[in-house]
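In: Task: produce atomic coordinates for the following.
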Amino acid sequence: TWIADIRSLYDADCYAEYYESAPEFRKEKADHIKDVKKKAQSIGAWALYEKARRLGGISREAVYNLSHAGDYVLCSVDDTANSNIQVGCDLEEIKIFHEKLVRRYFCEEEQKYILEKGTEEEKKAAFYRYWVLKESFMKATRRGMGLGLNTFTIRCTDGEAPQLVKMPEDLVGTYYFKEYSLNIPYKIAVCATENVFGEEIQKVEL
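Out: Residues are numbered from 1 along each chain as shown. Modelled structure (predicted):
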């Protein structure tokens, strides 16, 4: 898993350089975005994938997933190029605590873990921890938000790897999680169908 700061892409000339090196489908996606920051996220995520692939000597056939939030982009790649592997990753900037969202969409066990935290800061951190775990799983299944946040349950225990304890009814398989922590106000999680993750997240300069 690789991460990069994209603030250099907020400069028009730098953005143009990375834009020109992107494939047509990525350019078209960026062209439909008006916000400068979001355009940089889209192009920056692809630039990170390409750089990670080159640095790691990874095949273009390898399964990968991208995410972006705030000033950062994230990329997880299966460097074995096993087409049967499924992988999803998510990155979220820690902002406000959405208690209504927790009560409406999260499962009972997940709600309890978050809402029983002692302080607002602890609740906020727990909420975003769950958010990236749940989104990484949904992306790994290749169904995305079509699954629904309350169709599966992830058990979080402090000091241990998260576990998927309830699966969507029509889904089979085993999924594993890896969390990464950096000295930035973001939560990062990766989900895959193989329990082999890089111990450290790789930081890349764009």
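
In: Could you say whether residue 137 sits in a helix, a strand or coil?
Out: Local secondary structure at residue 137 is given as helix here, using DSSP: H, G, I helix; E, B strand; the rest coil.

In: The nearest residue to it once chain neighbours are set aside: which element?
Out: Sequence neighbours aside, residue 191 is the residue nearest to residue 137 in space, at 4.6 Å (criterion: CB to CB, 6 or more residues apart in numbering). (Glycine included, C-beta is placed from N, CA and C.) Element membership of residue 191 [criterion: DSSP states H and E] is strand 186-192.

In: which neighbours does that strand have in its sheet, and in what orientation?
Out: strand 87-93 (antiparallel), strand 176-180 (antiparallel) (DSSP bridges).

In: which other helices and strands contact the helix or strand just after the longest one?
Out: Read that as strand 87-93. For strand 87-93, the following helix or strand on the C-terminal side (DSSP H and E) is helix 99-105. If you count contacts as 3 or more CB pairs under 8 Å, 6 or more residues apart in numbering; DSSP states H and E, helix 99-105 packs onto helix 108-115.

In: What's the mean pLDDT across the helix it packs on?
Out: The average pLDDT within helix 108-115 is 96.

In: Give the residue spans of the chain that score low on pLDDT.
Out: Nowhere does the chain drop to pLDDT under 70.

In: Now do the same contact list for the residue nearest to residue 145 when sequence neighbours are not counted.
Out: Leaving aside its sequence neighbours, residue 145 sits nearest to residue 138 (CB to CB, 6+ apart; 6.4 Å). By CB atoms under 8 Å, 6 or more residues apart in numbering, the residues touching residue 138 are 88, 144-147.
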